[in-house]
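Visitor: with the sequence up front, the predicted model follows.
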Amino acid sequence: MRSLVILFLVAIVASLGSALIYVFRDRGQTRRAVKALALRVGLSISLFALLMAGYYFGLIQQRL
């Protein structure tokens, strides 16, 4: 589970970085930055749902 969360976080940061590069390269001429940011939002929501499901099914436990 931990490696899957780390993989999601790396993908989110990579998508954010690619959107930044697209903004500077394209200068608003294409929609690649918007698509990259939409992908980042989708990955973030998926990660949140994965964490909630993992907690619900007992794969993630609370530490005291």
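Guide: Thanks, I have the structure now.
Visitor: kindly provide the distance from V13 to A49.
Guide: V13 sits 19 Å away from A49, taking C-beta to C-beta, to the nearest Å as the criterion. Backbone N, C-alpha and C define where each C-beta goes, glycine included.
Visitor: check Y55 too.
Guide: Plainly put, Y55 is 11 Å away from A49 if you go by C-beta to C-beta.
Visitor: what's the answer for L9, then?
Guide: From L9 to A49 the distance is 15 Å (C-beta to C-beta).
Visitor: Q61 in helix, strand or coil?
Guide: Secondary structure of Q61, reduced to three states by DSSP: H, G, I helix; E, B strand; the rest coil: coil.
Visitor: wait, R40 touches I12, no?
Guide: Yes - judged on C-beta atoms under 8 Å, R40 makes contact with I12 at a distance of 5.6 Å.
Visitor: one step back: more neighbours, L9 and A49?
Guide: L9 (13 against 10; other C-beta atoms under 10 Å).
Visitor: name the element the more buried one belongs to?
Guide: helix 2-26 (DSSP states H and E).
Visitor: can you pull the buried residues of the helix or strand following that helix?
Guide: Counting by DSSP H and E, the next helix or strand C-terminal to helix 2-26 is helix 32-56. Buried positions in helix 32-56, judged by neighbour count with 16 or more other C-beta atoms under 10 Å: 33, 36-37, 39-40, 43-44, 47, 50-51.
Visitor: so which of those residues is the closest to R25?
Guide: R25 has its nearest neighbour among the buried residues of helix 32-56 in A33, at 9.1 Å by C-beta to C-beta.
Visitor: check what pLDDT the closest one gets.
Guide: We have a pLDDT of 92 for A33.
Visitor: and it, what is it in contact with?
Guide: Contacts here follow C-beta atoms under 8 Å, 6 or more residues apart in numbering; on that basis A33 touches 19-20, 22-23, 26.
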